[in-house]
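# Quick one: sequence and predicted model below, then my questions.
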Amino acid sequence: MNFYPEGKNPTLAKSFESIEELKECMVQKTVIESKVLLCDREHNLHVDLGVVRGVIPRNEGALGIEEGEVRDIALISKVNKSVCFIIIGFQRDAFSNVSAILSRRAVQLQCKKEYIDNLKPGDIIDAAVTHLEKFGAFIDIGAGINALIPIDMLSVSRISHPNQRLFEGQSIKTVLRKREPTKLTFSLKELLGTWEENAAFFTAGETVTGTVRSIEEYGIFVELMPNLAGLAEPQENLVIGQQVAVYIKSVIPSKMKIKLVIVEAFEACSIPQELTYFCSDSHIDIWRYTPELCPKEIITDFNDVD
């Protein structure tokens, strides 16, 4: 079966009208999704299945919980969010109320064995941003299994926090950068285009909008696209993150430079710009950012990852 980030496949969301339907899903080991209603004192997750309530016991809530490798906050944080699971049984309480016993862990084990364990560096997959930290973006790469995109792999243009590039809940494409025994590291920048691909959107003499990313004594670096920035002359009263209108003086591929003049400054922008992907393949071996004539080389070789 295909595995998706949780909440990104509407066909898995189901509401049942009979116990018989639930029993059939249990026999077929059908993967289902539903929003978590609450996380109780024992950190069991409760979901609404329509005809009955479903319960994901704590030790079935996620890979690593039972082993002590994952903290309970990974369960608590799922309240009001979609999770995937299969039905593994039923129970009846003292008042004869029936509830379904569910396992999210079983779906994650299947996802890991059939999908994630087979990924190779350079493979491009769909993912969803789960939360952002200063050092990078955590992503759901399938069935609620998390991996990390470090902040320096989000784009060529430098940012001070991942929220300047992504937002929580966002669906993205990402490429496996490195596989280690205990973790996978992903990257985004190789999918956002080379210098020439990005520079092709801009022409000398145009005035366009950009974002201030770095303020140095010798000039202001302005991001035009996530993988493209230009340098403007020093100017006072600007702050990082501020939106500016810039006049493009020149575009120089051989030096990989765009010279800018800041025309006007606006307020800082809190919403990341929409991503433009330049790769439609499912795998890449080598990505060369720099133009051929440029003496400086920026290359990612996915066949030779340290």
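Perfect, I can see it now. Numbering: from 1, shown residues only.

# Can you spell out which residues form a bridge with residue 16?
Beta-bridge pairing for residue 16 (DSSP bridges): residue 50.

# give me the number of residues near it?
As a burial measure, residue 16 scores 20 neighbours (other C-beta atoms under 10 Å). Bear in mind the C-beta positions are built from the backbone N, C-alpha and C, glycine included.

# Straight-line length of stretch 1-17, end to end?
25 Å (C-alpha to C-alpha, to the nearest Å).

# From the chain's centroid, how far away is it?
Stretch 1-17 sits 19 Å away from the centroid of its parent chain (C-alpha atoms, centre = their mean, to the nearest Å).

# All the helices of this protein, residue numbers only.
Secondary structure of the chain, counting by DSSP state H: helices at 19-28, 73-76, 104-114, 195-199.

# Relative to residue 235, how far out is the closest residue to residue 267 other than its chain neighbours?
Counting by C-beta to C-beta, 6 or more residues apart in numbering, the nearest residue to residue 267 once its immediate chain neighbours are dropped is residue 243, at 6.5 Å. The spacing between residue 243 and residue 235, counted by C-beta to C-beta, to the nearest Å, is 14 Å.

# and if you look at residue 124?
39 Å.

# Compare these two (neighbour count), which wins?
Set residue 124 next to residue 235 and count neighbours by other C-beta under 10 Å: residue 124 wins out with 20 against 14.

# Hmm, residue 264 and the residue nearest to residue 267 touching each other?
No - using C-beta atoms under 8 Å, residue 243 makes no contact with residue 264, being 9.3 Å away.

# shaky segments in the chain?
Along the chain, segments meeting pLDDT under 70 span 268-270, 305-306.

# So what pairs up with the residue nearest the centre of it in the strands?
In the chain, the residue lying closest to the centroid (C-alpha atoms, centre = their mean) is residue 129, at 3.4 Å. In this structure, residue 129 bridges to residue 139 when assessed by DSSP bridges.

# Use 309 as the first number for this chain going forward.
Got it, first residue is 309 now, which makes that one residue 437.

# burial of residue 423, as a residue count?
Neighbours of residue 423 using other C-beta under 10 Å come to 17.

# One more: residue 357?
21.

# show me what contacts it?
322, 323, 324, 330, 340, 342, 408 (C-beta atoms under 8 Å, 6 or more residues apart in numbering).

# separation between it and residue 393?
10 Å.

# Quickly list what's touching both of these two.
Here residue 357 and residue 393 share the contacting residues 340, 342, scored by C-beta under 8 Å, 6+ apart.

# want to throw the helices of the chain into TSV with mean neighbour count and distance to residue 538?
Output for the helices of the chain, formatted as TSV (neighbours: other C-beta atoms under 10 Å; distance: least, C-beta to C-beta, whole Å):
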stretch	mean neighbour count	distance to residue 538
helix 327-336	14	55
helix 381-384	15	42
helix 412-422	20	42
helix 503-507	19	9
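
# Format the ones you listed as CSV; extra columns: distance to residue 606.
Below are the helices of the chain laid out as CSV (distance: least, C-beta to C-beta, whole Å):
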stretch, distance to residue 606
helix 327-336, 49
helix 381-384, 36
helix 412-422, 33
helix 503-507, 8
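
# Those: which one's closest to residue 352?
Closest to residue 352 of the helices of the chain is helix 381-384 (C-beta to C-beta; 8.4 Å).

# neighbouring contacts of that closest one?
347, 351, 353, 366, 369, 370, 372, 373.

# quick one: which of the residues you listed is most hemmed in?
residue 369 leads these on contacts (other C-beta under 10 Å) with 29 neighbours.

# Let me see the contact set for that residue.
For residue 369, the contacting residues are 351, 352, 353, 382, 383, 386, 412, 413, by C-beta under 8 Å, 6+ apart.

# Likewise for residue 521?
465, 466, 467, 529, 530, 531, 537, 548.

# how many other residues sit next to the residue nearest to residue 575?
By the criterion of other C-beta under 10 Å, residue 551 has 15 neighbours.

# quick one on the thing from earlier: can you tell me which two in the contacts of helix 381-384 are farthest apart?
That would be 347 and 372, which, of these, are the farthest apart (C-beta to C-beta) at 16.7 Å.

# Tell me where the stretch 309-458 of the chain has strands.
340-347, 353-356, 361-364, 390-400, 406-411, 432-441, 444-448, 454-458 (DSSP state E, counting those that start in this stretch).

# Am I right that residue 343 is in contact with residue 393?
No - contact between residue 343 and residue 393 fails when scored by C-beta under 8 Å: they sit 11.8 Å apart.
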